[in-house]
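K.L.:
my questions concern the predicted model and sequence given below.
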Amino acid sequence: MSDQMSTHSFTAEPAAAPDPAMAAVPAVSFRGLSVSFEQADRTSHQVLRHLDLDVPRGQFIALVGRSGGGKTTILNVLAGLITPAAGTVSVLGRTPAEARTSIGFVPARDALLPWRSALRNVEYGMEARGVDRHERRRRARHYLDLVGLEHAADRWPWQLSQGMRQRVALVRAWAVQPELLLMDEPFAALDADTRQSVRLKFRELLARDPSVSVIFVTHDLDEAVLLADRVIVLSGGEFIADSMVPPRDGHDGTSDELTGAHLALLRDLRNALRHGRDDGRI
Ligand SMILES: Nc1ncnc2c1ncn2[C@@H]1O[C@H](COP(=O)(O)OP(=O)(O)OP(=O)(O)O)[C@@H](O)[C@H]1O
Ligand SMILES: [Mg+2]
């Protein structure tokens, strides 16, 4: 069987009924967020500087910026993996550590546990959340099928291509039915055709549950404008641009062509990325 995406129609899990009280709580809110790392020479390097952000429920944010700018660091703070030097951080109305079981995380690479098959990697996140074995297996197979990997369920990670591994990592995050998805360049390792089909599946999934919020790190500005509701540019440890993406009416997700207002936004974002802060850092 081929490693292509499945072409049958999408049949995701039914979305959970939205809880109106929870809808009022932002997905993410931080104030004065600062993160510093100690360097080899014992000096401190401040990566994030007094950042403020509010992400309403259901919003899809693309976070862009040059390499080393602190994008992954922000995701790690939200996932509770890094404690900030200063600031307050709230995720789904809780601390990042408390919210952990409601977060799906798709790291940039090397996400899979090498001693587990593809199927058991997808089950892993559900195991940690106490989903029973039968349900875990059913859901894992369902989601692997969704991204065309049903034939690879019993393979080890080293027997999968990078693109296949990345798709397993994606569905592992989806399978926990998260309220917040943190995605770190999730499609960067895929070839153009596979990226477009995984993107399409991803959009279909999100369209079924508009209450899921997403923070999506990418170096691909076109991808940011194609997928997100809002694009934020991080430069020199600060947010230097924060733009809403014009509605993509009539854009069914099968084409990656952008026109009009989207191209203008792309131009602005490219300029922001190019110029960054006055000191040239971005
Ligand atoms: N655990 C750590 N200890 C020390 N320094 C770190 C640590 N994590 C990140 N850094 C440093 O913080 C800065 C920001 O790193 P980060 O990984 O967040 O950047 P990024 O924007 O995700 O970059 P890329 O686009 O290349 O993935 C870099 O200078 C990096 O070396
Ligand atoms: Mg990164």
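P.N.:
Ah, there it is. Ligands and ions are numbered 1, 2, ... in the order given.
K.L.:
where's residue 27 relative to residue 181, distance?
P.N.:
10 Å (CB to CB, to the nearest Å). Just so you know, the C-beta spots here come from the backbone N, C-alpha and C atoms, and that holds for glycine as well.
K.L.:
number of residues surrounding residue 155?
P.N.:
16 (other CB atoms under 10 Å).
K.L.:
count of residues packed around the closest residue to it other than its chain neighbours?
P.N.:
Counting by CB to CB, 6 or more residues apart in numbering, residue 155 lies nearest to residue 118, which is 5.5 Å off, once chain neighbours are set aside. Neighbourhood size, residue 118 [other CB under 10 Å]: 27.
K.L.:
give me phi/psi at residue 118?
P.N.:
Main-chain dihedrals, residue 118, degrees, to the nearest 10: phi -60, psi -50.
K.L.:
interface residues of this structure facing ligand 1?
P.N.:
Residues of the chain lying close to ligand 1 by CB under 6 Å from any ligand atom are 37, 47, 65, 67-73.
K.L.:
most widely separated two among those?
P.N.:
Taking CB to CB as the measure, the residues of the chain next to ligand 1 span a maximum distance of 16.6 Å, between 37 and 65.
K.L.:
which of those two has more neighbours?
P.N.:
More neighbours surround residue 65 than the other of residue 37 and residue 65, with 25 against 13 (other CB under 10 Å).
K.L.:
who touches that one in this structure?
P.N.:
Applying CB atoms under 8 Å, 6 or more residues apart in numbering to residue 65 gives the contacts 71, 233-235, 273, 282.
K.L.:
low-confidence stretches in the protein?
P.N.:
Counting by pLDDT under 70, the chain shows low-confidence ranges at 1-22, 110, 249-257, 277-282.
K.L.:
helix or strand for the residue nearest to the spatial centre of it, which one?
P.N.:
In the chain, the residue lying closest to the centroid (CA atoms, centre = their mean) is residue 183, at 2.0 Å. Per DSSP states H and E, residue 183 falls inside strand 180-184.
K.L.:
I'd like to know how many residues surround residue 42.
P.N.:
By the criterion of other CB under 10 Å, residue 42 has 6 neighbours.
K.L.:
for residue 50, same thing?
P.N.:
Neighbours of residue 50 under the rule other CB under 10 Å: 13.
K.L.:
now it. Nearest residue, chain neighbours left out?
P.N.:
Computed as CB to CB, 6+ apart, the closest residue to residue 50 that is not its neighbour in sequence is residue 32, at 5.0 Å.
K.L.:
quick one: secondary structure of that neighbour?
P.N.:
strand (DSSP: H, G, I helix; E, B strand; the rest coil).
K.L.:
the helices in the protein, which residues?
P.N.:
20-23, 71-78, 96-99, 118-128, 133-146, 162-175, 192-208, 221-227, 260-275 (DSSP state H).
K.L.:
give me the residues contacting the third one.
P.N.:
Contacts to helix 96-99, defined as CB under 8 Å, 6+ apart, come from residues 77-80, 89, 91-93, 180.
K.L.:
could you redo the last one with a cut-off of 6 Å?
P.N.:
When contacts are defined by CB atoms under 6 Å, 6 or more residues apart in numbering, helix 96-99 is touched by residues 78, 80, 89, 91-92.
K.L.:
next one: the fifth one
P.N.:
Defining contact as CB under 6 Å, 6+ apart, one finds that helix 133-146 is touched by 119, 122-123, 126, 150, 153, 171, 174-175.
K.L.:
kindly report the same for the second one.
P.N.:
Residues external to helix 71-78 that are found in contact with it (CB under 6 Å, 6+ apart): 35, 47, 63, 65, 82, 84, 91, 96, 182, 184, 217, 234.
K.L.:
what is the nearest of the residues you listed to ligand 1?
P.N.:
For the contacts of helix 71-78, the minimum distance to ligand 1 (CB to the nearest ligand atom) is 4.3 Å, reached by residue 47.
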